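Peer 1: Below are the sequence and a predicted model; questions follow.
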2 protein chains.
Amino acid sequence: MDNKKIEKISRALSDANRIAILQQFKKKKDCLYCAEVNDLLDLTQPSVSHHLKQLVDAELLLPQKEGRNLKYVLNQQVLDEYIACLSELKD
Amino acid sequence: MDNKKIEKISRALSDANRIAILQQFKKKKDCLYCAEVNDLLDLTQPSVSHHLKQLVDAELLLPQKEGRNLKYVLNQQVLDEYIACLSELKD
DNA sequence: CCTACATATCGAAACATTTGAATATTTAAA
DNA sequence: TTTAAATATTCAAATGTTTCGATATGTAGG
């Protein structure tokens, strides 16, 4: 993972709403629907769409269309790689 | 570690210059001098001071005065706690 | 004490991010 | 095939971040 990617993921994580979205995956077992995120956050629909886009662009979330709905799953591999890069900073 | 702290650390990590500073600790064994960071980055002294401040405010770096000079050490504990929080996102 | 060095702060310009209203797109259902 | 629901896009306002020149502060050495 190069520094540009570390920067992008870090930026995606640097917002309270986006952190809340990611934490919601702990409660819902493994996937979250777009509509659920709209309910979760105290923001208008375009703002939520903006935040989800940041997370998808950083590849922390993987989107899957289901008819009119949009389902997201957490990209554990990218998260693992990011954590591995941070661990390398230690010594 | 609460969400405000996760947000702050993530923001501190969301900049190419600050990532470069942290990675420099791998090369220098365990501490970095302010003057070395000025040499490392292609920025003016006030800009470098600004970036170091972000890292210190996020408690990723611990500053130690040495006369006129300023020495930084990596705060491994905070880094570990941050990594632990990210790991918890994975289910 | 004066001078030079190391770092910090201030102020402003440039740029990026966040937000919501309005509107567009896509798709399911009637 | 019209209508409604779910999500995305556009635009602009507000806010936050980055950068640097100028200047301030603190400290060591002469």
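Peer 2: Noted; the coordinates are in hand. Numbers count the residues shown, from 1 in each chain, chains lettered A, B, ... in the order given.
Peer 1: Relative to residue A:33, how far out is the closest residue to DNA strand C within chain A?
Peer 2: Closest residue of chain A to DNA strand C, Cβ to the nearest atom of the strand: residue A:67 (3.0 Å). Glycine gets a C-beta too; all of them are placed from N, C-alpha and C. Using Cβ to Cβ, to the nearest Å, we find residue A:67 at a distance of 11 Å from residue A:33.
Peer 1: count of neighbours near the residue of chain A closest to DNA strand C?
Peer 2: Neighbour count of residue A:67, defined by other Cβ atoms under 10 Å in any protein chain shown: 5.
Peer 1: Distance check, it against chain B.
Peer 2: 26 Å (Cβ to the nearest Cβ, to the nearest Å).
Peer 1: Likewise for residue A:74?
Peer 2: To chain B, residue A:74 is 7 Å away according to Cβ to the nearest Cβ.
Peer 1: if I pick that residue, what's in contact with it?
Peer 2: For residue A:74, the contact set (Cβ atoms under 8 Å, 6 or more residues apart in numbering or on different chains) comprises A:22, A:25, A:30, A:60-62, B:89-90.
Peer 1: Okay, and the beta partners of it?
Peer 2: Residues in a beta bridge with residue A:74, per DSSP bridges, are residue A:61.
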